[in-house]
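Colleague: Structure for the following, please:
(one chain, ligands or ions: 1)
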Amino acid sequence: MSPEDTPGVHAVSLPERAAVVDLAAIRHNVRRIAGIAAPAKVMAVVKADGYGHGAVQVARAALDAGASWLGTAHVSEALALRAAGIEAPLLAWLHTPDTDFAAAIEAGIDLGCSGWELEHIVAAARQVERPARVHLKVDTGLGRNGSTVESWDRLVGEAVEHQDEGLLRVVGIFSHLAVADEPHREETDQQLDVFREALALAEDAGIDPEVRHIANTPAAFTRPDAHFDLVRVGIGIYGLSPFTDQRSPELGLIPAMTLLTRVANCKAVPADQGVSYGLNYRTDDPTTLALIPLGYADGVPRVATGGPVRLGGATYPVVGRIAMDQMVLDLGTRLSEEERAALVGEPAVLFGDGHDGGPLADDWASAAGTINYEIVTRISSRVPRVYVDSEAAGEAVDSGAAGGGATDNEATDGGDAA
Ligand SMILES: Cc1ncc(COP(=O)(O)O)c(C=O)c1O
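Modeller: As a prediction, the model looks like this:
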């Protein structure tokens, strides 16, 4: 396989291993979801460094494509976006008493509030002499953050008092769904009923929020009745499906990240050669082993033996244990010395957009017994992110090749690197 055949990779000098992120795919996915969600607006969820894709670059691409809000879990993540010069409406929703609420208010970051945070937010607003922008969160059934239904009345009442004092403005009311990725489950209906009741109670108390929001990616696709004013989408903007029975193309999404490296070694071995720690795998026949220099320190799950790697136009499962830095493929055939030498340095793709029948993050999720969210998010900082823009290169997003790339250490001028 030549680098030109590798999604998002052209004949540019790539690092030895890279998570190549196609910003055109991000924009495509945002447009696709915005089309489904309209007239509701789109909040691009860029927590956890943009699900491993790079929060700043993804945020800019998402805003370019029509997202009007950004969302993070932590205030520190939101502050990093502001420090990068991003001024869009921005909500952070997961706090502790150590959260720097004052810095958030000064930076114009909206704050999710489930209860105990209210007094901290109000104290911070007094300190910085600026009203906080607050989204009250109600737990409609997920059992994590959010006010209980029983406490909702009180939280709303206290928020209204502080609003009347000029210390805050309730700009949003929100909740989070538990099983929207399983559309047949009735709990989503129940959560929506509870949400509507909570909204009615808040409106009766005089709250007139700018945005009411509960939908995540799966609800954006399957539950128009959950769109309200804003959908908070994460996994979909990265081009991945939240559903177990539907993959990206069926949803009109394009996976944005390609994880690849180059073959580090290739050798002929006899039958009964043990492979990797534990010698859990033994070759059946004389064969060729290819060494792939990515391992669990790079974020590939150690348990994902059997995960697919695309090499030279074919896909091979990882054999033996995945180690800290490396994994092994059994090519299942005896190659000549010249052929083995030629394979060293060839691109090896763990997952990408699948345009050439190559593996998806979903396949690694299956191999590891987890979800695609975890696969992309856990790619470690040892793997440089490289940004490409297949649209800017004048090529179709799904053409399988992009022109140019920039690592996250290089200036990308808004992410349009090519
Ligand atoms: C509160 C909240 N809203 C929205 C999202 C986005 O979810 P998804 O990635 O399924 O779209 C998340 C992610 O887990 C979240 O925690």
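Colleague: From residue 330, how far off is the residue of the chain at minimum distance from the ligand?
Modeller: Among all residues of the chain, residue 234 sits closest to the ligand, at 2.6 Å; criterion: C-beta to the nearest ligand atom. Any C-beta I mention is one placed from the backbone N, CA and C, and that applies to glycine too. Residue 234 sits at a distance of 36 Å from residue 330 (criterion: C-beta to C-beta, to the nearest Å).
Colleague: Surely residue 389 touches residue 20?
Modeller: No - at 11.0 Å, residue 389 does not count as touching residue 20 under the criterion of C-beta atoms under 8 Å.
Colleague: which residue sits closest to residue 331, ignoring its sequence neighbours?
Modeller: Nearest residue to residue 331 in three dimensions, chain neighbours excluded: residue 288, at 4.3 Å (C-beta to C-beta, 6 or more residues apart in numbering).
Colleague: er, residue 206 actually
Modeller: Ranked by C-beta to C-beta, 6+ apart and with sequence neighbours excluded, the top spatial neighbour of residue 206 is residue 160, at 5.7 Å.
Colleague: Can you show me the CA trace of the one helix or strand that neighbour maps to as PDB?
Modeller: Taking DSSP states H and E as the definition, one finds residue 160 inside helix 149-164. Only the C-alpha atoms of helix 149-164 are listed here, as PDB (Å, rounded to 0.1, in the frame of the first residue of the first chain):
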ATOM      1  CA  VAL A 149     -37.000  15.600  40.500                       C
ATOM      2  CA  GLU A 150     -37.700  16.000  44.200                       C
ATOM      3  CA  SER A 151     -35.100  18.900  44.600                       C
ATOM      4  CA  TRP A 152     -35.900  20.500  41.300                       C
ATOM      5  CA  ASP A 153     -38.500  22.900  42.700                       C
ATOM      6  CA  ARG A 154     -36.100  24.200  45.300                       C
ATOM      7  CA  LEU A 155     -33.200  24.600  42.800                       C
ATOM      8  CA  VAL A 156     -35.400  26.500  40.400                       C
ATOM      9  CA  GLY A 157     -36.700  28.700  43.200                       C
ATOM     10  CA  GLU A 158     -33.200  29.500  44.400                       C
ATOM     11  CA  ALA A 159     -32.000  30.200  40.900                       C
ATOM     12  CA  VAL A 160     -34.800  32.600  40.300                       C
ATOM     13  CA  GLU A 161     -34.000  34.500  43.500                       C
ATOM     14  CA  HIS A 162     -30.400  34.900  42.400                       C
ATOM     15  CA  GLN A 163     -31.500  35.800  39.000                       C
ATOM     16  CA  ASP A 164     -33.600  38.600  40.500                       C
END
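Colleague: Would you mind listing the buried residues in it?
Modeller: For helix 149-164, a neighbour-count test (16 or more other C-beta atoms under 10 Å) marks 152, 155-156, 158-160, 162-163 as buried.
Colleague: do the same with stretch 299-309
Modeller: Going by neighbour count (16+ other C-beta under 10 Å), the buried part of stretch 299-309 is 299-301, 304-305, 307-309.
Colleague: So for it, first residue to last residue, what's the gap.
Modeller: Length of stretch 299-309, first residue to last, C-alpha to C-alpha, to the nearest Å: 15 Å.
Colleague: Rounded mean pLDDT for that stretch, please.
Modeller: Per-residue pLDDT over stretch 299-309 has a mean of 98.
Colleague: change the start of the numbering to 52 and stick with it
Modeller: From this message on, residue numbering opens at 52, which makes the last subject stretch 350-360.
Colleague: What lies in contact with it?
Modeller: Here stretch 350-360 makes contact (C-beta atoms under 8 Å, 6 or more residues apart in numbering) with 103, 331-332, 343, 345-347, 366-374, 378, 380, 399-402, 410, 414-415, 418-421, 425-426, 429-431, 433-434.
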